[in-house]
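Enquirer: Sharing a model that was predicted from the sequence below.
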Amino acid sequence: MSSPGFFLLGTTHQRAPLAVREKLALDAESSAALQSELATIAGLRELTILNTCNRIEFYGVADTPDTLARLEAVYCARQCFSPEEFAAFRLSLAGQDAIQHLFEVAAGLDSQMLGETEIFGQVKGAYATAQTRQSTGPVLNRVFQKTFQAAKYVRTQTAITVGQVSIANVAVDLAHNIFGDLKATRILLIGAGDIGEKTAKAFQSRGAASLTVSSRSFERAMELATAFGASAMPFDQREVRLAEFDVVVGSTAAPETVVSVEAVATALRKRPARPLFFIDLALPRDIEAGVADLENAFLYNLDDLAKIAESHRVARLAEVERARAMLMEKSAALWQQVSAQGAPQAPTPAAGKPAVSPA
Amino acid sequence: MLAAFNDRQWLWLSAGFYFAGFLLGTWSLVRRGRPSGVVVYALIAAGYGLQLAGLGLRGKAVGGCPLGNTFELFQFTAWSAISLYLVIGVAFRSSILGYFTASLAASLTLLSLSIPAWDSGRRLRFFGHNPWIELHAALALFSYGVFALLALTSLMLLLRHFSLKSKNLGGLFSFLPSMVDLDQIGLRLLSTGVVLLAASLAVGANYWLRDPASASIGKLIITVTVWLAASIALILRLRGRLLAKRFAWTGLLLFAAALLSLWPIDSSRQALTVPSAPATVPARP
């Protein structure tokens, strides 16, 4: 058989639980070693490995079903994983179905957190690595280039990526809506709880450089500040120095509020041109509810953030079918082009059907 | 075929492009998508080119800036606002500003085109071949265009403020720029408007001092009042007294005042001048 057959072999979070994915995951070293081993398989013309915490997927062009069976055997042997067990979690697709799956993966439709965009970079990274290893050819080059275009198209034409779906990221988005670029935004984290820590991380990942931690226990504040490359502030200065900050995240376990309306009003008078944004993640609440009534102050509590995150998740879900239909059109067109190039035969026994191969 | 168009036909065509930008943006928003910044920008740029052609035909016919009646004042104000948008739209990178600009330009141009009385006659040689007085008028109208854009960013700031306070962040609200960015661009636009209007008044005053009969007191008072209001707003903003929502409302009121001042200014000029001619400029033979 001389014509190329485009395939996908692997498993994802939809099929394999975390404990299995842990065993199947490849680190950089084993990925490189596996690639070298796979290069010796006759009939495996092209190959790209997409390896993330939610999936291990081999995209390639193979001559025969035997080639795929060998790939699977080599991979299972390297991971010390039983081929019979692997078959129970296996995702094996070919032709347009494989292309459609890759499109959906890159567009975030197959992600655990629907519509997330990190996967797009991971697919790009996998393709770049394969190019560096010279394991791509005309089919994969075409398929991956079209994948990036299709994913971008769906992201702009639908609301699949609109809005954040985690509390921490919703908070960061809100800050972005108020201050724009977060590089110059000064953030005060009151309390060193887990959710506050996650929010601080989210702020840092979106470019916020100035972070100050204040906690009843100064040692704990110092500890967290050191971990974040931030500075610590004594707890009793939190209200006096409020005007120095743009965003205040409250996440203490205090039984009463720790930021009063009067303190916020005073801070706003000291910095009239800039708004103040309060994110209250504590239960009971840290920030007095009356702060929301002040002219240039914005207050969001845990319920507000959760409602926004949920509305985004629902909105994304509502877009899935439309996005999938768009991608279906594009994958059909691409498959037609790829087929026309070399009249490919799908190499898997389950060719053309999304299926889990029998154990 | 285009060569056979008269000035109003060019301007109708231009308004059509602005309206297309508005329709496209509305369609995108209804479908919960972001209006395409590039497409809206291209539609506005095309409309701008066509408007330039229409106003150019008129300008050629009157031998100066076409600012001879209410219709032309509206058209020129819209054209000024678009001129500025085409420059700052690229830097601001907000597709929603393009949508708002297209909406404003479509409103101003379609409104002026749909009221024939505004264009029933035009004063010829209104500026008496005096380039300084023409510059004065053009600068004043250009500053009104700047206030038009200020009104748009002010409206966007009010919408953003409302969305954050009411915790309603979906739809149109999700595409609005940040409050701080809108506030900054508003401040820059207000400063630009004040400077341009000041320059216009300076040029006009120089001419008026030499010939006090050339401008009516009414027109003078109205123009100076608009400039004073804008200057006071700027000073208060710089001193931190006029902020956020109040600043945005002031931006809207300033544009409304500028727009409303066009009628008394135009009327006062009519009282002082000169023969009028049929408005429409035919296509070149």
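Expert: That came in fine, so what should we check first? Nothing here was measured: the structure is a model prediction, and the numbers come from that model. Numbering: from 1, shown residues only, chains lettered A, B, ... in the order given.
Enquirer: hey, which helix or strand in chain A has the poorest pLDDT?
Expert: Lowest by mean pLDDT, DSSP states H and E among the helices and strands of chain A is helix A:194-205, with a mean of 84.
Enquirer: Point me to the residue of the stretch 151-285 of chain B nearest chain A.
Expert: At 3.6 Å from chain A, residue B:178 is the closest residue in the stretch 151-285 of chain B, using C-beta to the nearest C-beta. Bear in mind the C-beta positions are built from the backbone N, C-alpha and C, glycine included.
Enquirer: Number of residues surrounding that residue?
Expert: Residue B:178 has 20 neighbouring residues, counting by other C-beta atoms under 10 Å in any protein chain shown.
Enquirer: Repeat that for the one 10 residues further on.
Expert: By the other C-beta under 10 Å criterion, the neighbourhood of residue B:188 contains 13 residues.
Enquirer: Which helix or strand contains it?
Expert: Residue B:188 belongs to helix B:179-210 when elements are defined using DSSP states H and E.
Enquirer: Mind listing what's buried along that helix?
Expert: By neighbour count with 16 or more other C-beta atoms under 10 Å in any protein chain shown, helix B:179-210 contains the buried residues B:179-183, B:185-187, B:189-197, B:199-201, B:203-204, B:208.
Enquirer: same question for that helix, mean pLDDT?
Expert: The average of the pLDDT scores along helix B:179-210 is 89.
Enquirer: Determine how far that helix lies from the middle of the whole chain.
Expert: Centre-to-centre, helix B:179-210 and its host chain are 13 Å apart (C-alpha atoms, centre = their mean, to the nearest Å).
Enquirer: now swap in stretch B:30-46 and tell me
Expert: 20 Å.
Enquirer: In CSV, could you pull the C-alpha coordinates for it?
Expert: Coordinates of each C-alpha in stretch B:30-46 appear next as CSV, following Å, rounded to 0.1, in the frame of the first residue of the first chain:
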residue,chain,number,x,y,z
VAL,B,30,-26.9,39.9,18.3
ARG,B,31,-25.1,36.7,17.5
ARG,B,32,-23.0,37.1,20.7
GLY,B,33,-19.9,37.7,18.6
ARG,B,34,-17.4,40.5,18.6
PRO,B,35,-17.8,42.9,15.7
SER,B,36,-14.9,42.3,13.3
GLY,B,37,-12.6,45.3,13.9
VAL,B,38,-10.9,45.0,10.5
VAL,B,39,-14.1,44.8,8.5
VAL,B,40,-15.8,47.7,10.4
TYR,B,41,-12.7,49.8,10.1
ALA,B,42,-12.5,49.0,6.3
LEU,B,43,-16.2,50.0,5.9
ILE,B,44,-15.7,53.2,7.8
ALA,B,45,-12.6,54.0,5.7
ALA,B,46,-14.5,53.4,2.5
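Enquirer: what's the average pLDDT for it?
Expert: Computed over stretch B:30-46, the mean pLDDT rounds to 82.
Enquirer: which residues are contacting that stretch?
Expert: Residues outside stretch B:30-46 that contact it (C-beta atoms under 8 Å, 6 or more residues apart in numbering or on different chains): A:156-159, A:162, A:315, A:319, B:17-18, B:20-21, B:24-25, B:28-29, B:82, B:85-86, B:89-90, B:93-96, B:98-99, B:101-102, B:105, B:171, B:175.
Enquirer: Among the residues you listed, the buried ones, what's the PyMOL command?
Expert: To isolate the buried members of the contacts of stretch B:30-46 in PyMOL, using 16+ other C-beta under 10 Å:
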select buried, (chain A and resi 157+158+159+162+315+319) or (chain B and resi 17+18+20+21+24+25+28+29+82+85+89+94+95+96+98+99+101+102+105+175)
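Enquirer: can you count the residues close to the residue nearest to residue B:158 when sequence neighbours are not counted?
Expert: Excluding its sequence neighbours, the residue lying closest to residue B:158 (C-beta to C-beta, 6 or more residues apart in numbering or on different chains) is residue B:248, at 4.8 Å. Burial of residue B:248 is recorded as 26 neighbouring residues (other C-beta under 10 Å).
Enquirer: And for residue B:70?
Expert: Residue B:70: 18 surrounding residues under other C-beta under 10 Å.
Enquirer: now it: how far from chain A?
Expert: 39 Å (C-beta to the nearest C-beta, to the nearest Å).
Enquirer: Do you know the pLDDT at that residue?
Expert: So, for residue B:70, pLDDT stands at 83.
Enquirer: do the same with residue A:11
Expert: The model reports residue A:11 with a pLDDT of 95.
Enquirer: ok, it to chain B distance?
Expert: Between residue A:11 and chain B the distance is 34 Å, computed by C-beta to the nearest C-beta.
Enquirer: can you check residue A:130 too?
Expert: Counting by C-beta to the nearest C-beta, the gap from residue A:130 to chain B is 32 Å.
Enquirer: Now that residue: closest residue in space that isn't a chain neighbour?
Expert: residue A:48 (3.9 Å).
Enquirer: so that neighbour touches residue A:127, yeah?
Expert: Yes - assessed by C-beta atoms under 8 Å, residue A:48 is found in contact with residue A:127 at 5.8 Å.
Enquirer: Return every residue with contacts to both of those two.
Expert: Residues touching both residue A:48 and residue A:127 (C-beta under 8 Å, 6+ apart) are A:136, A:140, A:144.
Enquirer: What are the buried residues along the next helix or strand after the least confident helix or strand of chain A?
Expert: Counting by DSSP H and E, the next helix or strand C-terminal to helix A:194-205 is strand A:210-215. Buried positions in strand A:210-215, judged by neighbour count with 16+ other C-beta under 10 Å: A:210-215.
Enquirer: cool, stretch A:311-318 as well?
Expert: A:311-313, A:315-316.
Enquirer: Just name the closest of these to residue A:77, please.
Expert: Closest approach between the buried residues of stretch A:311-318 and residue A:77, by C-beta to C-beta: residue A:316, at 39.4 Å.
Enquirer: What confidence value was assigned to the closest one?
Expert: 88.
Enquirer: residues in contact with it?
Expert: A:114-115, A:159-163, A:165.
Enquirer: Now the two most distant members of those.
Expert: Farthest pair in the contacts of residue A:316 (C-beta to C-beta) is A:159 and A:165. Separation: 12.2 Å.
Enquirer: can you narrow the shared contacts of residue A:48 and residue A:127 to ones near chain B?
Expert: Counting by C-beta under 8 Å from any C-beta of the partner chain, nothing from these sits close to chain B.
Enquirer: Indicate the residue of the stretch 51-200 of chain A located nearest to chain B.
Expert: Nearest residue of the stretch 51-200 of chain A to chain B: residue A:180, at 3.6 Å (C-beta to the nearest C-beta).
Enquirer: Give me the phi and psi angles of that residue.
Expert: Here is the backbone geometry of residue A:180 (degrees, to the nearest 10): phi 70, psi -130.
Enquirer: cool, the one 4 residues further on as well?
Expert: Backbone torsions for residue A:184, taken as degrees, to the nearest 10, come to phi -100, psi 10.
Enquirer: and it, what is it in contact with?
Expert: Counted by C-beta under 8 Å, 6+ apart, residue A:184 has contacts A:209-210.
Enquirer: Could you do the one 3 residues further on as well?
Expert: Shown here is residue A:187, whose contacts under the criterion C-beta under 8 Å, 6+ apart are A:200, A:203, A:208, A:210-212, A:245-249.
Enquirer: can we see that at 6 Å?
Expert: With contact taken as C-beta atoms under 6 Å, 6 or more residues apart in numbering or on different chains, residue A:187 is in contact with A:203, A:208, A:211, A:247.
Enquirer: how much does the host helix or strand of it deviate in direction from helix A:194-205?
Expert: Under the criterion of DSSP H and E, residue A:187 resides in strand A:186-190. Angle of strand A:186-190 versus helix A:194-205, following axes from the mean of the first three to the mean of the last three C-alpha atoms, to 10 degrees, is 170 degrees.
Enquirer: list the buried ones in strand A:186-190?
Expert: By neighbour count on 16+ other C-beta under 10 Å, the buried set for strand A:186-190 is A:186-190.
Enquirer: Quickly note the distance from the residue positioned nearest the centre of chain A to residue A:125.
Expert: Residue closest to the mean C-alpha point of chain A, counted by C-alpha atoms, centre = their mean, is residue A:118 at 3.9 Å. Between residue A:118 and residue A:125 the distance, using C-beta to C-beta, to the nearest Å, works out to 10 Å.
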